[in-house]
Structure formats: structure tokens, C-alpha cells
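Enquirer: pasted the sequence and its predicted model underneath.
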Amino acid sequence: MKPRLLLTAVLGVVSAQAQFVGSQACQPCHTDKFDAQAKSAHAKALKKAEPGARGQWAFGAGQKATTWVSQTSDQAVVEHGLSFYASTKLLGLTPGHDTPTDIVYRTFDPVGTALRCFRCHSTGPVSLAAGYKIQPNELGIRCEACHGPGSAHVNAGGGLGSIQNPKTLNPNELNELCGACHRQASSLDDDTDWGNPWNLRHQPSYLHRAACFRNSPGTSKQPMSCLTCHDPHEPIRKGTAYYDAKCASCHPRVTHKTNLAAAPQKGCVTCHMPSVSTSKNLSFVNHWIGIYEQPGPKLAPTRRAVKALKASPVAVTLPEGFVVPASPATLAPVYQRAFEARERELGPNAPKVARAASDLGLFLMQNGSADSAEAPLRRAVAIDERNSDPQLDLSRENLAKLLEANGKLEDALSFFRAAAEGKDLSVAARALTSLGRLDRPNSELHYRRALAAEEKAVGPGDRRVAVILHELALSLREREDDPSAEPLLRRALNIQEKLAKPDFRLTVAIMNTLGNLIEGARRFDEAEKLERAALKLAEEKFGPESAELSMTCTNLADILWNKRDLPGAGQLYRRALLIDASLHGMESSETAADIANLGMVSKEAGQTAAGDGLLRQALAIYEKTLGPDSAQAKFVRQNLAR
């Protein structure tokens, strides 16, 4: 019999020294806070549905909406297609549903699992009852959801040292704590489409972008955080006076160009944190505090509030020992127990055991425990050694990714090849794309096989086909085969333009690659037209600062430089510099590239002293970040010598 898998290290799992005791244990000593918090929307975030209701569980406090969920078997959780909306007092489509049809989620799906819903709408560890029934510890978001497990505090008879207090966190750390459910700000640039109003529900991500947050004082005044305006012990405040006072604490005297007398009932947030409808039933307040055109789009500020923005940290680590009870990683023991239960019921080599091991491994890999993920993934693929279960093709692909990340390249290539031969054509296409990236001599063959597999899986007009076309075109460009790459890029762009819900990051990336190719062919007018379209799209979808916008500014500046429009090129390089300094900081290699570009165009415009000064600044950053022998540092030295 094969050895059992043991979960030895799970990021963020609550310490064994402290246990959850439930909010009722807090009431005797903290009566006022307990009573106020019990009336808040947080406390009512999850309820057992009343008899005769549409489902077993009612998600949502009812202030905005209530959605019903049912667990129909050990393998399936159903989100019902109609929700009740407070604004209309009517049933309407559940967010994420295109029709009233219910959506079935696999209970232990590592990505789209309903377990995540219970984790954020309840307090304490989610567990499994008999028959793999999901069992929340305490309904709603109560005291220990923020303060952590309270047994040590209760046993000590109180005392600040025996319980964690979110007020001790700095604003970025607090964003991570609140963001465990409201979307952590550190993940804001991974896939966020700032032009999609549905993303407004991720308040910490949007606040993280705001100049008010990033440039808030840290000395004489309290730095801005979620707690500046919201007290989690109380129901959310209504009306404008309370929030206006918060704004006035930092902005006591503001001269407005807008005629405020025409709208006397409006407060600061009405214009600077506009409410945006995601549907006829639902709206969210935009926490990207900024200057918005009136009237105009309300999704991203139309211009910068200040010239210089402090860079916000991308990765934030909470103080050692600080528990995030709603961390996704706290679900890992549930996956572990589900695996162990399957093994006890069915034996070590049953197909369902392989799936349970796969679910455990993939969940660990996606939630910061990659080192613990390898064993269950290997177990899953060993049980399914003949590739008979298409679901486990994903395990082979992810095991290959994990091995690649750990430097085990030959092992990784072996599992990528196995995944490429599996029954799941989309997994095969991704595995072949990875082989194209790693096996460079045969990259074109791998990419073309990937393209054929993806077209067969999803059809020739799908977004995933556009992704592979772009990758294949980049590979051909590396070989200086631009004539073969251009039609592939045009086809990829055509696919994106026809999609009802395109990936706008991919669209901008394709436009930039194609624009660069056309520029290389010295078709400057055509390249400029394409890059200006990319610039407009990046501004609309990703706001006034994003990696996509910075890259597009740089590409367009290069074209204008070639057209001898040196002032125009310089202006765009400066804009890219402002964006990258805001995103990465002034001492980053990304910012150094912008400074170097600006230095070179300044020298060509006859501003030799200023240009050399900028080049020396870029060189110093490159030497510090990439090393004095880096290709970038050598390139700048060559330009200084001219």
C-alpha cells in the first residue's frame, strides 16, 4: 500500500495553540461592540435558508441581494440562477449568470469551488460533516474573522497581548487582511480590467490605486486605510456628512472648478467615489478615489490627482503570527480530509482517490504551498499512469509547472509531454505552448501543434486561439521571420475584436507586438495609427497607470522618434516614466529604461547635458538593480560615450 499523504505545511493555517470559540464568548466583556456588530451586514453574510426557500443556504445580508446555494451531492454545489435584490424587491439574474439556469460547481474544484464562498461568508474553519457536507463553523462574519481565534484571549481573561488587533496593521497590511475576501490589493495588476464595473466589488484593489491612499501622510496624521471610513463593529454609515468630515481632515480647503452650488445635496464621494451600476439591480461604490469627468466614465479617474505618486508595494507580508482566518489556505485541511476519506472508502488506487489527490495538490499549488503540492500531484498521476482520466491531464501540466519552477527541467519536460498527449485538448494546447517556450529549437513545431489542438477544442475564433497565435508570432519574430509573424498577429487581433468579452490585456499586447513589427518595416504612419488605438484602449480599460499603458507609450514614442517628432517622443517617454515610477518605484529597472530613453531622445534633440545626466541616472539604477555587467548597463555606457 502506498504511503498516505500528510499535509505538513499550509500557509496561513490557524495555530494549534489558539482555537475558535465563537462570537458569543466575546459578548460578556464587549457587549456594546458585540451588539453593534450583530446588526451589521457582515454578521448577516450567511444564513441557513428558511423552509420552502430556493436553497439550503442564503448568501448575502440582504442589503444589496440574497443568493441561494444548495449542496446536492458529495460532488456538487449549486448556485441558483435567480437572486433577490433589495433595490427592486424582485428576483433577478444572479451575478455571473447569463440566464436563470442554475450553475453547478464541483465541491472540491481547486479554483471555482464553492468552499471559497463559505470561507468568506462565515467565521472560523470550514469543515466536512458526514457525506462530505460543507459545515461552516459560525454563520456570518463575526469577531474572530478579523481578530483571529479567541481561546487564548478568553482563557487569559482578556488582555491585548492575547488577541490580534487589526488596528496595529499598517494600511497596506490591512488591505491584505480585508482583501482576503474583498480581493487583496497585491493581486490587483494580475488580471484586473479596470473598465469592467463588476470588478468594483474588489474595494481594496481600487483603494490601492488612489492617490489619497498612496500619498496619505504617515507622521502627523493617521495614514489612510479601510478603517479611516469604516468601523467593522458597526453597520455601514449612510449620508454624506460623515464621509465629508473624513475627506476634510486631509483636504480642509479645496477650490473646485465644478459649480457645487448646483448640487447642494452631493458630498465629496458623490463625484470622487462615484457609485457605478453593474446591472439594473446592483451598484458598487468606486474606491479608486480620484478626479472623474462630470458627466463621464466612472470606472477610472480621467486624470492624475497629483503629479508624483508613491509606489505601492506589490507584495505585502503580514507581521509574523498574524492570522488571516479567511485566507484561502485555511481550506487546505478540508481538501486533505476529503482525500483521506476517499482513500479509506475506496482503497489507494481508485480513480476518485486520484481526483482527490489532484484536487489537494492543485489547491496547495495555487495557495502558496507549492512545496507541499508535489507529492499529491505525483500520487494522482501515478494512479492514472495510462492517461485514462482527462481531468488528471491538468495535474500533469501543473506538476510540470511546479517542477520547472523548482529547476527540475528534464522532469518538467517529461510531464509537459505527457500532458500534451492527454485527452483534454485545451490542457494539451497549454502544455505544447510551454514546450514551445522551453524547447526553443522546436518551438515553432510545438506552437503549431498547440494551435491545432486549441482550434479543435474551442473553435478557431476563441480567445485561447488568439493567445497561441500571439505566442507563435513572438517565436517567429525571435527568428527574424516578421513576414510569417504578421498575418498571425492580424488574425489574433481580428479574433479579439470579434469577441463579445475580449481579454483587453491580450488585445493591447497584440497591438503592441504588431505595431512594433510594422515600425520595423518602416511603415511608420500605419504603426502610429495602431499604437494610438492601443493607447486609447489601455487608458479606457486600465486607467491612467498600468504596465500596458506604459508599454504603449514607449512603443508610440519610438515611432514618433523615427518620424523625427522628438518633442512628441519625449512627452510620451516622460509619461511612461511617471507610470513606471508609480508602479515600481524610481529605483527600478523599468523606470531606468524610461529614463534612458528620455536621455537618448534629449541628446538627439540637442540637449546634450540634460541627456547625459539622465543616462547617468539610468546607469546608476541599472548597476544597482541588474549589475554593472548587465546588457542594459553596457548599452547605456555606449550611449554616454557618443
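Expert: Right, received. Where do you want to start? Numbers count the residues shown, from 1 in each chain.
Enquirer: can you pull the domain assignment for the chain?
Expert: Recorded structural domains for the chain (assignment: automatic domain parsing) are 23-162, 165-245+267-326, 424-502.
Enquirer: what about stretch 452-467, how long is it end to end?
Expert: 13 Å (C-alpha to C-alpha, to the nearest Å).
Enquirer: would JSON lines of the domains of the chain with distance to Lys352, mean neighbour count and mean pLDDT be doable?
Expert: Glycine gets a C-beta too; all of them are placed from N, C-alpha and C. Supplementary listing: those in JSON lines, determined by distance: least, C-beta to C-beta, whole Å; neighbours: other C-beta atoms under 10 Å; pLDDT from 0 to 100:
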{"stretch": "domain 23-162", "distance to Lys352": "9", "mean neighbour count": "17", "mean pLDDT": "91"}
{"stretch": "domain 165-245+267-326", "distance to Lys352": "29", "mean neighbour count": "17", "mean pLDDT": "80"}
{"stretch": "domain 424-502", "distance to Lys352": "18", "mean neighbour count": "19", "mean pLDDT": "97"}
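Enquirer: which one of those lies nearest to Thr513?
Expert: Shortest distance between Thr513 and the domains of the chain, using C-beta to C-beta, is found for domain 424-502: 5.9 Å.
Enquirer: mind putting the domains of the chain into JSON lines with distance to Glu345?
Expert: Conversion of those to JSON lines gives the following (distance: least, C-beta to C-beta, whole Å):
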{"stretch": "domain 23-162", "distance to Glu345": "10"}
{"stretch": "domain 165-245+267-326", "distance to Glu345": "30"}
{"stretch": "domain 424-502", "distance to Glu345": "26"}
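Enquirer: relative to Met551, which of those domains is closest?
Expert: Smallest distance to Met551 across the domains of the chain (C-beta to C-beta): 12.9 Å, for domain 165-245+267-326.
Enquirer: that older thread, do you know which of the domains of the chain lies nearest Ala569?
Expert: With respect to Ala569, and counting by C-beta to C-beta, the nearest of the domains of the chain is domain 165-245+267-326 at 20.4 Å.
Enquirer: which residue ranges form the helices in the stretch 101-250 of the chain?
Expert: Secondary structure of the stretch 101-250 of the chain (DSSP state H, counting those that start in this stretch): helices at 115-121, 144-147, 151-155, 171-182, 188-191, 203-209, 211-214, 226-229, 241-248.
Enquirer: elements contacting the last one?
Expert: What that stands for is helix 241-248. Under the contact criterion of 3 or more C-beta pairs under 8 Å, 6 or more residues apart in numbering; DSSP states H and E, helix 241-248 touches helix 226-229, helix 268-272.
Enquirer: one step back: now the helices of the stretch 101-250 of the chain in a markdown table, with distance to Glu519?
Expert: Formatted as a markdown table, the helices of the stretch 101-250 of the chain follow (distance: least, C-beta to C-beta, whole Å):
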| stretch | distance to Glu519 |
| --- | --- |
| helix 115-121 | 45 |
| helix 144-147 | 52 |
| helix 151-155 | 63 |
| helix 171-182 | 39 |
| helix 188-191 | 26 |
| helix 203-209 | 31 |
| helix 211-214 | 34 |
| helix 226-229 | 45 |
| helix 241-248 | 45 |
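Enquirer: of those, which is nearest Gly543?
Expert: Comparison of those against Gly543 by C-beta to C-beta identifies helix 203-209 as nearest, at 6.8 Å.
Enquirer: which elements pack onto the closest one?
Expert: Taking 3+ C-beta pairs under 8 Å, 6+ apart as the contact definition, the neighbouring helices and strands of helix 203-209 are helix 171-182, helix 188-191, helix 226-229.
Enquirer: mind saving the C-alpha coords of that helix as CSV?
Expert: Taking C-alpha atoms only, helix 203-209 is exported to CSV below (Å, rounded to 0.1, in the frame of the first residue of the first chain):
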residue,chain,number,x,y,z
GLN,A,203,-12.6,47.6,-2.9
PRO,A,204,-9.0,47.2,-1.5
SER,A,205,-7.7,46.8,-5.1
TYR,A,206,-9.3,50.1,-6.1
LEU,A,207,-8.3,51.9,-2.9
HIS,A,208,-4.7,50.7,-3.5
ARG,A,209,-4.7,52.7,-6.8
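Enquirer: please begin residue numbering at 35 from this point
Expert: Will do, 35 is the new start, and the previous item becomes helix 237-243.
Enquirer: distance from that helix to the middle of the chain?
Expert: Between the centre of helix 237-243 and the centre of its host chain there is 11 Å, according to C-alpha atoms, centre = their mean, to the nearest Å.
Enquirer: stretch 480-489 now?
Expert: Taking the mean of its C-alpha atoms, stretch 480-489 sits 28 Å from the chain's own mean (C-alpha atoms, centre = their mean).
Enquirer: now tabulate the helices and strands packed on helix 237-243 in CSV and tack on distance to Gly661.
Expert: Below are the helices and strands packed on helix 237-243 laid out as CSV (distance: least, C-beta to C-beta, whole Å):
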stretch, distance to Gly661
helix 205-216, 29
helix 222-225, 26
helix 260-263, 40
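Enquirer: hey, where'd the strands end up in this structure?
Expert: Counting by DSSP state E, one finds strands in the chain at the ranges 80-82, 91-93, 99-105, 110-113, 116-119, 124-127, 137-140, 156-157, 161-163, 167-169, 172-173, 309-311, 317-319.
Enquirer: quick one, which of these is nearest to His285?
Expert: Checking these against His285 by C-beta to C-beta gives strand 317-319 as the closest, at 18.4 Å.
Enquirer: what would the helices and strands packed on helix 275-282 look like in a markdown table with distance to Arg140?
Expert: Formatted as a markdown table, the entries for the helices and strands packed on helix 275-282 read as follows, by distance: least, C-beta to C-beta, whole Å:
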| stretch | distance to Arg140 |
| --- | --- |
| helix 260-263 | 33 |
| helix 302-306 | 40 |
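Enquirer: who wins for proximity to Arg371 among the ones you listed?
Expert: helix 260-263 (33.4 Å).
Enquirer: what would the strands of the chain look like in JSON lines with distance to His504?
Expert: Listed next are the strands of the chain as JSON lines, based on distance: least, C-beta to C-beta, whole Å:
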{"stretch": "strand 80-82", "distance to His504": "42"}
{"stretch": "strand 91-93", "distance to His504": "38"}
{"stretch": "strand 99-105", "distance to His504": "37"}
{"stretch": "strand 110-113", "distance to His504": "33"}
{"stretch": "strand 116-119", "distance to His504": "37"}
{"stretch": "strand 124-127", "distance to His504": "33"}
{"stretch": "strand 137-140", "distance to His504": "30"}
{"stretch": "strand 156-157", "distance to His504": "42"}
{"stretch": "strand 161-163", "distance to His504": "42"}
{"stretch": "strand 167-169", "distance to His504": "40"}
{"stretch": "strand 172-173", "distance to His504": "46"}
{"stretch": "strand 309-311", "distance to His504": "31"}
{"stretch": "strand 317-319", "distance to His504": "32"}
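Enquirer: out of the helices and strands packed on helix 275-282, which is closest to Asp423?
Expert: Of all the helices and strands packed on helix 275-282, helix 260-263 sits nearest to Asp423, with 44.1 Å by C-beta to C-beta.
Enquirer: which strands and helices sit next to the closest one?
Expert: Using 3+ C-beta pairs under 8 Å, 6+ apart as the contact definition, the elements that helix 260-263 packs against are helix 205-216, helix 237-243, helix 275-282.
Enquirer: let's see it at 7 Å
Expert: Here helix 260-263 touches helix 205-216, helix 275-282, going by 3 or more C-beta pairs under 7 Å, 6 or more residues apart in numbering; DSSP states H and E.
Enquirer: out of the domains of the chain, the one nearest Val635 is which?
Expert: Closest among those, using C-beta to C-beta: domain 199-279+301-360, at 20.7 Å.
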